[in-house]
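> My questions are about this predicted structure, shown below with the sequence.
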Amino acid sequence: MQISSHIITNPIKLFLTGIVDLIYPPLCLVCKRRLDEHETQLCKLCLESFKLLRKSHEQFSVPGKIYINTAWALFEFDQAFQNLIHHLKYSRRRKPVLVVLDHYRQQIIEQLSENTYDLVISIPLHPRKYRERGYNQVDDMSDWLAGQLKSEVGNHLVKRSKYTQSQTQLNATERCENVANAFTVTLTDEISGKHLLLVDDVLTTGATANALAQVLSNAGASRIDLITLSAPQ
């Protein structure tokens with residue numbers, strides 16, 4: 001009688017996983033509490049503590065023309081959500097974002113339900129920054145949104161052609177100057193006449209997203225919206 005290999009290996013994998021979890025128990029990324037068996041990356045208390053803003057974002061502090069029609073910041077930028085975004089950007093922890101999006105799927109899609117998007121596009125990283133980090137922290141969010149909205153992902157249509165310094169310590173005017181001419185559209189024909197949804201993690205002044213939106217508008221996009229995970233108040 002031939003014994004299937006997975007019958008043997010599965011108990012071994014379960015045993016080894018149990019040993020690893022005993023030595024290095026899985027902890028919630030936000031509060032560091034030990035996760036229950038059914039919890040992934042985030043405990044239920046933290047996951048349900050995130051506060052949905054449920055309204056469009058109006059506080060752009062970008063000088064000059066705004067090329068974004070409507071913007072949404074999904075969650076309040078409290079300490080717990082700041083911790084989550086820090087892991088997303090700097091700790092190679094990408095799965096928690098999908099856990100959050102899946103948990104709040106209905107509420108998120110309700111905010112976007114009046115719109116039909118042709119393309120969902122992540123704010124691109126410069127190739128140098130991409131190599132340093134190893135991934136674009138919002139690509140998974142773009143893929144998730146495109147799937148929910150029955151849209152196409154258009155990340156291949158734009159690139160960040162200028163390496164810029166961090167925006168963190170810059171004021172609104174300096175941020176705009178920093179990202180001026182930072183983006184390029186690679187295939188104009190696929191942008192023209194399209195309704196676009198840009199995706200980023202944090203919306204502060206809106207300078208970066210607006211700089212990309214300007215380039216896309218010049219390429220003929222009919223409407224450009226923006227969605228981010230959060231925005232400092």
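Here it is on my side, so go on.
> I'd say R133 and L125 touch.
Yes: contact criterion C-beta atoms under 8 Å: R133 and L125 qualify, at 6.9 Å. Yep, even glycine has a C-beta here, placed from its N, CA and C like the rest.
> In terms of neighbours, single out the busier of the two.
L125 (19 against 13; other C-beta atoms under 10 Å).
> Over to the residue most central in space within the chain: give its phi and psi.
Among the residues of the chain, V138 comes closest to the average C-alpha position under C-alpha atoms, centre = their mean, at 3.1 Å. Backbone torsions for V138, taken as degrees, to the nearest 10, come to phi -110, psi 0.
> got the contact list for it?
For V138, the contacting residues are 122-123, 199-201, by C-beta atoms under 8 Å, 6 or more residues apart in numbering.
> Let's see that with 6 Å instead.
Residues near V138 by C-beta atoms under 6 Å, 6 or more residues apart in numbering: 122, 199-201.
> again with L35
Applying C-beta under 6 Å, 6+ apart, one finds that L35 lies in contact with 26, 28, 43.
> Give the PyMOL command for selecting the buried subset of the residues you listed.
Command for PyMOL that selects the buried part of those, burial taken from 16 or more other C-beta atoms under 10 Å:
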select buried, resi 28+43
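> for the contacts of L35, which one is nearest K51?
Lowest distance from K51 to these (C-beta to C-beta) belongs to C43, with 16.5 Å.
> Return the residues in contact with that closest one.
28, 33, 35.
> and with 10 Å instead?
26-36, 49 (C-beta atoms under 10 Å, 6 or more residues apart in numbering).
> and if you look at Q82?
Counting by C-beta under 10 Å, 6+ apart, Q82 has contacts 30, 202, 230, 232.
> how's the chain carved up into domains?
Annotated domains of the chain cover 1-44, 50-231 [automatic domain parsing].
> Give me whichever of those is most buried.
For the domains of the chain, the largest average neighbour count (mean count of other C-beta atoms under 10 Å) is found in domain 50-231, namely a mean of 17.
> Rounded mean pLDDT for it, please.
Throughout domain 50-231, pLDDT has a mean value of 91.
> Do me a favour and get the end-to-end distance for it?
Taking C-alpha to C-alpha, to the nearest Å, the first and last residues of domain 50-231 lie 13 Å apart.
> S151 - nearest residue in space that isn't next to it in sequence?
Sequence neighbours aside, Y117 is the residue nearest to S151 in space, at 4.4 Å (criterion: C-beta to C-beta, 6 or more residues apart in numbering).
> gap between the nearest residue to R34 once chain neighbours are set aside and F75?
Nearest residue to R34, sequence neighbours excluded (C-beta to C-beta, 6+ apart): P25, at 4.9 Å. Going from P25 to F75 by C-beta to C-beta, to the nearest Å gives 27 Å.
> Tell me where this structure has helices.
Applying DSSP state H to the chain gives helices spanning 5-23, 44-49, 79-90, 95-103, 105-112, 127-133, 139-149, 172-179, 207-218.
> For A71, find the nearest of those.
Per C-beta to C-beta, nearest to A71 of those: helix 207-218, 7.6 Å.
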